[in-house]
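A.B. asks: Requesting a structural model of the entry that follows:
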Amino acid sequence: MQIYEELQRRGLIAQVTDEEDIKQLLNRGGAKFYIGIDPTADSLHAGHFMALCLMRRLQLAGNKPIVVLGGGTGMVGDPSGRTDMRSLLDEVQIKRNFQRFKEQISLFIDFDDDKALCLNNGDWLKQLKYVELLREVGPYFSVNRMLSADCYKQRLEKGLTFLEFNYMVMQAYDFYYLHKHYGCNMQFGGDDQWSNMLAGTELIRRKSGKNAFALTIPLLTNSDGEKMGKSVKGALWLDKDKTSPYDFYQYWRNVDDGDVDKCLKMITFLPLKTIEEMAQWPSEKINEKKEILAYEITKMVHGKQLASDAQSAARALFSGEGDDSNMPTTAVDVIDEISLLDLLVFTKLATSKSEARRLINQGGISLDNKKITDINYQVSRASLIDSIKIKKGKKVFHKVIIKSN
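C.D. replies: This next block holds a predicted model:
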């Protein structure tokens, strides 16, 4: 099976500009494709995971990835799918985030021997002069057409700023610049980027008379149509210091039963034949499939050892097997006792005391498998000497120990 057909069977193709041309280009390893990522945080998150996996699949099939980190576009902010304006970052933040992104992307993409490129669009966008840019690309953009694009719809409801309005122009210029200077012939991105990507292919066609192509991948959603990748603590980060390997593993271990087969196809590298055989397993083996899913994804991000540690810790909690030493743990300095409210906030299981009260009142907190309903409950130092396990809801566990002197 060739790569384009595999992408189809895995459900990884949403929209394409010229299917037959794209199919031939990818199958013969002739694509120089780019994916743009704005460095808006100090870590990539699960929302980037689909793109990272796609880049890896295509590189393994002989195509060349060009990763464009948005040192320029990141200073404007993508309005796609948003109702509010993104916070503007300064150059110091962008530079720091850029370096961290490159390190994380290197876990998926081989940059050795010119097999891939990692570029900063700030290198060319920040050199542009305003009037020259208007004259060079302005005539090729219809304001009416831009305003009808999906990427602006939600922001138009609240008030689209002129700053954000220029994002499409900048992204299209990226594609044109990469096509002109690096021979880039294809752009990939999430389905929410379709309008921006079409603008790039159209700009290249009208400026150079040549064809360039665009392919989008579907957003990873659950059975209810909601984006996946948000944990109880917020975004599911690829940085182990922001989302522990255990919490990362647990997120995928706890996906809904109906989403397991889809996730196995879309974001693991298990052979399709294996996944299709697993789809025929009896329902009693659903937890085994979930463990395989969680392990495979965690292994890609954090390596075999941390994935195994996370799996062992999860088994220790849910089945009494394995080692719980890898469970998320917080050390506290307690002289006599500490209120459960303070402890929940300190361990970040609650964002505030008011949220902690709500969790306790609703019966959502247990200590060593004993449900606590008293909002004034005090945790003694003596009980922490051998550690206690806090359970939040049905699936979130956290170990608390005494801080060593």
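A.B. asks: Domain ranges for the chain, per the record?
C.D. replies: Listed by automatic domain parsing, the domain ranges of the chain are 3-217, 230-325, 329-402.
A.B. asks: Take those and lay them out in JSON lines including mean neighbour count, distance to Ser223 and mean pLDDT.
C.D. replies: (Each C-beta comes from the backbone N, C-alpha and C, glycine too.) Shown next, in JSON lines, are the domains of the chain (neighbours: other CB atoms under 10 Å; distance: least, CB to CB, whole Å; pLDDT from 0 to 100):
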{"stretch": "domain 3-217", "mean neighbour count": "18", "distance to Ser223": "14", "mean pLDDT": "86"}
{"stretch": "domain 230-325", "mean neighbour count": "17", "distance to Ser223": "5", "mean pLDDT": "87"}
{"stretch": "domain 329-402", "mean neighbour count": "15", "distance to Ser223": "17", "mean pLDDT": "83"}
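A.B. asks: how far away is the residue sitting furthest away from the middle of the chain from His398?
C.D. replies: Largest separation from the mean C-alpha position in the chain: Asp336, at 42.1 Å (CA atoms, centre = their mean). Distance from Asp336 to His398, counting by CB to CB, to the nearest Å: 22 Å.
A.B. asks: repeat for Lys242
C.D. replies: 16 Å.
A.B. asks: do Glu136 as well
C.D. replies: For Glu136, the distance to His398 - CB to CB - is 55 Å.
A.B. asks: Name the nearest residue to Lys290, sequence neighbours excluded.
C.D. replies: Among residues not flanking Lys290 along the chain, Arg253 sits closest, at 5.2 Å (CB to CB, 6 or more residues apart in numbering).
A.B. asks: what about the helices in the stretch 51-200 of the chain?
C.D. replies: Counting by DSSP state H, counting those that start in this stretch, one finds helices in the stretch 51-200 of the chain at the ranges 91-105, 122-125, 130-137, 143-147, 150-158, 162-165, 167-182, 194-208.
A.B. asks: do you know which of the ones you listed lies nearest Thr330?
C.D. replies: With respect to Thr330, and counting by CB to CB, the nearest of the helices of the stretch 51-200 of the chain is helix 91-105 at 24.4 Å.
A.B. asks: measure the residue nearest to Tyr173 when sequence neighbours are not counted to Val131 for me?
C.D. replies: Closest residue in space to Tyr173, ignoring its immediate chain neighbours: Val137 at 6.0 Å, by CB to CB, 6+ apart. Distance of Val137 to Val131, computed by CB to CB: 12 Å.
A.B. asks: Ok, which of the domains of the chain comes nearest Asp224?
C.D. replies: Each of the domains of the chain has some distance to Asp224 by CB to CB; the shortest is domain 230-325, at 8.5 Å.
A.B. asks: Would you agree Arg96 is in contact with Thr40?
C.D. replies: No: look at Arg96 against Thr40 with CB atoms under 8 Å: they stay out of range, at 11.9 Å.
A.B. asks: So which residues of the stretch 301-405 of the chain form helices?
C.D. replies: Secondary structure of the stretch 301-405 of the chain (DSSP H, counting those that start in this stretch): helices located at 340-346, 353-361, 381-384.
A.B. asks: Including distance to Val143, could the ones you listed go into a markdown table?
C.D. replies: Formatted as a markdown table, those follow (distance: least, CB to CB, whole Å):
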| stretch | distance to Val143 |
| --- | --- |
| helix 340-346 | 49 |
| helix 353-361 | 45 |
| helix 381-384 | 63 |
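A.B. asks: okay but Gln193 is in contact with Pro218, surely?
C.D. replies: No: Gln193 lies out of contact with Pro218 (CB under 8 Å); the separation is 11.9 Å.
A.B. asks: Which parts of the stretch 151-300 of the chain are strands?
C.D. replies: Here the stretch 151-300 of the chain has its strands, by DSSP state E, counting those that start in this stretch, at 186-190, 213-217, 230-231, 234-235.
A.B. asks: and Ser366, which of those strands is closest to it?
C.D. replies: strand 230-231 (19.4 Å).
A.B. asks: just to revisit the earlier point, quick one: which of the helices of the stretch 51-200 of the chain is nearest Tyr246?
C.D. replies: Closest of the helices of the stretch 51-200 of the chain to Tyr246 is helix 91-105, at 18.6 Å (criterion: CB to CB).
A.B. asks: which residues are in contact with the closest one?
C.D. replies: With contact meaning CB atoms under 8 Å, 6 or more residues apart in numbering, helix 91-105 is reached by 37, 39-44, 52, 67, 69, 71, 74-75, 89, 118, 120, 122, 238-239.
A.B. asks: can you check stretch 111-118 too?
C.D. replies: Residues outside stretch 111-118 that contact it (CB under 8 Å, 6+ apart): Met55, Gln59, Lys64, Pro65, Ile66, Val67, Leu69, Lys102, Ile105, Ile109, Asp110, Tyr182.
A.B. asks: That stretch: end-to-end distance?
C.D. replies: 8 Å (CA to CA, to the nearest Å).
A.B. asks: ok, now stretch 356-368?
C.D. replies: End-to-end span of stretch 356-368 (CA to CA): 17 Å.
A.B. asks: Does Met186 touch Leu215 like I think?
C.D. replies: Yes: here Met186 reaches Leu215: they are 6.8 Å apart, a contact under CB under 8 Å.
A.B. asks: and for these two, which residues touch both?
C.D. replies: Residues touching both Met186 and Leu215 (CB under 8 Å, 6+ apart): Ile22.
A.B. asks: Can you list the residue ranges for strands in the stretch 301-405 of the chain?
C.D. replies: Counting by DSSP E, counting those that start in this stretch, the strands of the stretch 301-405 of the chain are 329-332, 337-339, 365-367, 370-371, 378-380, 388-392, 396-402.
A.B. asks: JSON lines for those, including distance to Arg9?
C.D. replies: Converted to JSON lines, these look like this (distance: least, CB to CB, whole Å):
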{"stretch": "strand 329-332", "distance to Arg9": "42"}
{"stretch": "strand 337-339", "distance to Arg9": "54"}
{"stretch": "strand 365-367", "distance to Arg9": "43"}
{"stretch": "strand 370-371", "distance to Arg9": "46"}
{"stretch": "strand 378-380", "distance to Arg9": "52"}
{"stretch": "strand 388-392", "distance to Arg9": "39"}
{"stretch": "strand 396-402", "distance to Arg9": "35"}
